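1. From the sequence below, what's the structure:
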Amino acid sequence: MKGVIFDFNGTLFLDNDKHVLAWNRISRQLRGRDITEEELHEKMNGRPNKLIIRYLNGGTENPELEDRYSLLKEEYYRQFCKADAASFHLIQGAQALFDELTAAGVPFTIASASIKPNIDFFVENFHLDRWINPADIVYDDGTYENKTAMFQDAAENIQVPLQDITVIEDSLAGIESSLQAGIRDIRLLDSGHIREQVADIPQITQVVQDMTEIRR
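-> Numbers count the residues shown, from 1 in each chain. All right, here's what the predicted structure looks like:
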């Protein structure tokens with residue numbers, strides 16, 4: 001590894017159930033029903049909030065509504081995280097991997113579809129600034145349509161060429177964006193059980209269940 005970009009939700013922190021709970025609340029408010037498993041994987045995971053809300057709002061673009069419901073969804077999400085204290089920790093092996101990369105001089109950061117209040121929440125509660133400069137974290141600031149440009153910006157932040165970057169992802173959208181960015185080394189953290197759907201992608205060099213299995 002020469003440089004690593006981690007996704008966060010579902011990769012470093014197993015929180016898919018909290019997102020589902022929060023998105024279901026938003027979905028019920030916007031359209032009167034819960035989201036489906038198919039929608040979760042094909043329309044939502046790894047995508048910016050504004051696009052998810054636009055989808056839930058019938059495809060109608062409404063920036064004011066998207067901003068309001070994005071903040072509300074993440075407020076619900078943080079409430080669910082705090083309520084489940086037993087699960088509120090980084091995935092097994094994450095801290096050890098961070099320590100190993102730091103000791104080896106391998107730069108790394110995070111590119112996440114989360115908004116800044118959530119990134120601040122994660123940095124504070126998981127003490128991410130022990131390993132990562134918060135200014136190097138790339139997040140959903142409202143300008144990204146997908147994670148392709150996020151990976152480009154994250155690679156620039158840690159000063160590693162994209163062709164030398166390892167991306168650790170868990171979602172179909174994140175993998176698609178990695179490929180579009182020209183990433184050659186993708187590690188799938190299979191928290192969403194999608195390994196069969198991406199089995200024919202040669203750039204996926206490893207499938208793992210936690211960070212203890214990552215080959216460095």
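2. what ranges do the strands span in the protein?
-> Ranges of strands within the chain are 3-6, 108-110, 165-169, 185-189, 204-208, based on DSSP state E.
3. Could you save these as TSV and add columns showing mean pLDDT, distance to residue 95 and mean neighbour count?
-> C-beta: built from backbone N, CA, C; applies to glycine. Output for these, formatted as TSV (pLDDT from 0 to 100; distance: least, CB to CB, whole Å; neighbours: other CB atoms under 10 Å):
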stretch	mean pLDDT	distance to residue 95	mean neighbour count
strand 3-6	98	12	24
strand 108-110	98	13	24
strand 165-169	98	15	27
strand 185-189	98	15	22
strand 204-208	98	16	16
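4. Any chance of a markdown table for the ones you listed, columns distance to residue 131?
-> A markdown table is the format used below for these (distance: least, CB to CB, whole Å):
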| stretch | distance to residue 131 |
| --- | --- |
| strand 3-6 | 10 |
| strand 108-110 | 8 |
| strand 165-169 | 14 |
| strand 185-189 | 18 |
| strand 204-208 | 19 |
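5. can you give me the helices in the chain?
-> With helices called from DSSP state H, the chain shows them at 16-31, 37-39, 49-56, 63-83, 94-104, 116-126, 148-157, 172-181.
6. Could you work out which of those reaches nearest to residue 194?
-> Closest to residue 194 of the helices of the chain is helix 172-181 (CB to CB; 5.9 Å).
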